[in-house]
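[1] Just to be clear, the model below is a prediction. Sequence and coordinates:
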Amino acid sequence: MTPFTMKTGDTSPSLSYALIPTSVDLTGASVVFSMARRGVTIIDRAAANVTTVTVTPTVEYEWQAGDTDLEGLALAEFEVTFSNGTIETFPNGDYIYIKLNEDL
């Protein structure tokens, strides 16, 4: 998987992620985002946004100050709580790879 790459300290662009399978319906769902680096949690269940509900369901995390301060490779995931209370983590077979390059 190609990593999402940005420079340390940047808060743009937001991380947008299309969920697979595309049959997922995010109507009434809530989403949180988590990111860790070398076993250390950087972002722990921060609120994320649902940007597309059906067809190609998409979620997004808007970076906050401090989220991208540490250079290196981080692993991330979105956790969806559906309207019926069930929970599923995306991606469920791997992680989203976030590569943070040092800013000059």
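    Happy to help now that I have it.
[2] Which positions in the longest strand seen in the chain come out as buried?
    Under DSSP state E, the strand in the chain containing the largest number of residues is strand 40-52. Across strand 40-52, burial judged by 16 or more other C-beta atoms under 10 Å covers 42, 43, 46, 48, 50, 51. In short, each C-beta sits where N, CA and C put it, glycine included.
[3] go on, stretch 92-99?
    Residues of stretch 92-99 classed as buried: 95, 96, 98 (neighbour count, 16+ other C-beta under 10 Å).
[4] what's the answer for stretch 21-32, then?
    Quick answer for stretch 21-32 (16+ other C-beta under 10 Å): 24, 26, 29, 31, 32.
[5] Dump that stretch to CSV, restricted to CA.
    What follows is stretch 21-32, C-alpha atoms only, in CSV (Å, rounded to 0.1, in the frame of the first residue of the first chain):
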residue,chain,number,x,y,z
PRO,A,21,-16.2,-3.0,0.8
THR,A,22,-18.1,-0.2,-1.0
SER,A,23,-21.4,-1.9,0.1
VAL,A,24,-20.9,-0.3,3.6
ASP,A,25,-23.7,2.2,4.4
LEU,A,26,-22.6,5.0,6.8
THR,A,27,-26.0,6.5,7.3
GLY,A,28,-26.2,7.4,11.0
ALA,A,29,-22.7,6.1,11.7
SER,A,30,-20.1,7.8,13.8
VAL,A,31,-16.3,7.5,13.1
VAL,A,32,-13.1,7.9,15.1
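[6] contacts for that stretch?
    For stretch 21-32, the external contacting residues (C-beta atoms under 8 Å, 6 or more residues apart in numbering) are 19, 45-50, 52-57, 59, 78-83, 88.
[7] so how far is that stretch from its chain's centroid?
    Counting by C-alpha atoms, centre = their mean, to the nearest Å, stretch 21-32 is centred 14 Å from the centre of its parent chain.
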